[in-house]
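**Q** Turn this into a structure:
(2 chains)
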There are 2 protein chains.
Amino acid sequence: MLYSQSITPPRDGRQSDRALAIQRGVGRLFRARGHAVISELVLTTGRRADIIALGPNGEITIVEIKSSIEDFRADNKWFDYAPFCDRLYFASHAGVPASIFPETTGLIMADAYGAEILREAPVATLAGARRKAMTIRFAQAAAHRLHGLFDPEAGFADV
Amino acid sequence: MLYSQSITPPRDGRQSDRALAIQRGVGRLFRARGHAVISELVLTTGRRADIIALGPNGEITIVEIKSSIEDFRADNKWFDYAPFCDRLYFASHAGVPASIFPETTGLIMADAYGAEILREAPVATLAGARRKAMTIRFAQAAAHRLHGLFDPEAGFADV
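**A** Here you go, the predicted model:
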């Protein structure tokens, strides 16, 4: 590791402790598969995807975290994420029945220490222009956040 | 800002305090121009570029830091960076004469608080496949470093 210190994950009141645990476990799963992961990426639609992963060949995955049945039922915005990724998964935990999630998306069960893919997501390959735009958006968000940690005086907005 | 804490930049013995000051100033310059910036990116050749910037349209810039005349003279590896970027700059500080730097590259003068472009770099547009590979490399490095700060237990290597 290049870094001598660690920090706590970003907290902005949007995520419950349970959702943060799922986020951590899913992050470890994708990291182990060679993908880079960031959380809370705002798309061009203004929607904020919970987790975005970028694979070694540029594959883009979005994971929507649902930490309870109510959380899933209250929110149908996940339809809007499909056009921005090659694969779309829901991620939840063992206390939520897998049967509530649509079979047309992938499904991941996670805790704070790791995660398991219960159902692979169907692949809907992104067109080149959108893939390029998503990759740049991912890269800029990750680098800006890192840069903001190293040089908080540099005038970073919420990225 | 999403983050409530800040950390110090990575230190691994490769950079002098002067070089770190230049790095910070150059980072602020590119950030102000809408580019995302990371330091110390290892290329496919094994060479480590000092600063890489990714512009809003995917433009890739490499900046090589030279903190003294000796530092510049001792190292000709900058030739190897040109094939990996659209624009290549040297960055130095006011105590080093601008005349020692080749006119075929861009030149930036920096201190810890900012930087100024003295000579724009000529543009040598990357081919699509290499641009894609560099963008993914940049994105993965930035996201892995950020992820490693949030979850140091996740088993990150030096990225």
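
**Q** Lowest average confidence across helices and strands of chain A, where is it?
**A** helix A:69-73 (a mean of 93; mean pLDDT, DSSP states H and E).

**Q** buried residues in it?
**A** A:71-72 (16 or more other CB atoms under 10 Å in any protein chain shown). (C-beta placed from N, C-alpha, C; glycine too.)

**Q** Report all helices and strands that it contacts.
**A** With contacts defined as 3 or more CB pairs under 8 Å, 6 or more residues apart in numbering or on different chains; DSSP states H and E, helix A:69-73 has no helix or strand neighbours.

**Q** what comes into contact with that helix?
**A** Residues outside helix A:69-73 that contact it (CB atoms under 8 Å, 6 or more residues apart in numbering or on different chains): A:66, A:90, A:92, A:96-97, A:100-101.

**Q** Going by distance to chain B, which of those wins?
**A** A:S92 (19.4 Å; CB to the nearest CB).

**Q** The closest residue to that closest one other than its chain neighbours: neighbour count?
**A** Once flanking residues are discounted, A:S92 sits nearest to A:K66: 5.0 Å by CB to CB, 6 or more residues apart in numbering or on different chains. A:K66 has 23 neighbours, counted by other CB atoms under 10 Å in any protein chain shown.

**Q** list the contacts for A:K66?
**A** A:72, A:75, A:90-92, A:96, A:101.

**Q** Could you pick out which of the residues you listed are located in strands?
**A** A:90-92 (DSSP state E).

**Q** what's the distance between A:D17 and A:G34?
**A** 28 Å (CB to CB, to the nearest Å).

**Q** which of the two has more neighbours?
**A** Taking other CB under 10 Å, A:D17 and A:G34 do not tie; A:G34 has more neighbours (13 against 10).

**Q** low-scoring stretches of chain A, by residue?
**A** Residues of chain A meeting the criterion pLDDT under 70: A:1-15, A:155-159.

**Q** Just want the most central residue of it.
**A** A:I51 (0.6 Å; CA atoms, centre = their mean).

**Q** most neighbours, which of the contacts of A:K66?
**A** In terms of neighbours by other CB under 10 Å, these top out with A:S92 at 28 neighbours.

**Q** wouldn't that residue be in contact with A:F101 here?
**A** Yes - between A:S92 and A:F101 there is a contact at 7.3 Å, judged by CB atoms under 8 Å.

**Q** what's near enough to touch A:A21?
**A** Applying CB under 8 Å, 6+ apart, the residues near A:A21 are A:93, A:110-112.

**Q** how close does it sit to chain B?
**A** 11 Å (CB to the nearest CB, to the nearest Å).

**Q** CA atoms only: put the helix or strand in which A:L41 is found into PDB for me.
**A** In this assignment (DSSP states H and E), A:L41 forms part of strand A:36-42. Below are the C-alpha coordinates for strand A:36-42, written out as PDB (Å, rounded to 0.1, in the frame of the first residue of the first chain):
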ATOM      1  CA  ALA A  36     -12.500  -1.300  -9.800                       C
ATOM      2  CA  VAL A  37     -15.500   0.000  -7.800                       C
ATOM      3  CA  ILE A  38     -16.800   3.400  -6.700                       C
ATOM      4  CA  SER A  39     -20.000   4.300  -4.900                       C
ATOM      5  CA  GLU A  40     -22.600   6.900  -5.500                       C
ATOM      6  CA  LEU A  41     -22.000   7.900  -9.100                       C
ATOM      7  CA  VAL A  42     -24.400  10.500 -10.500                       C
END
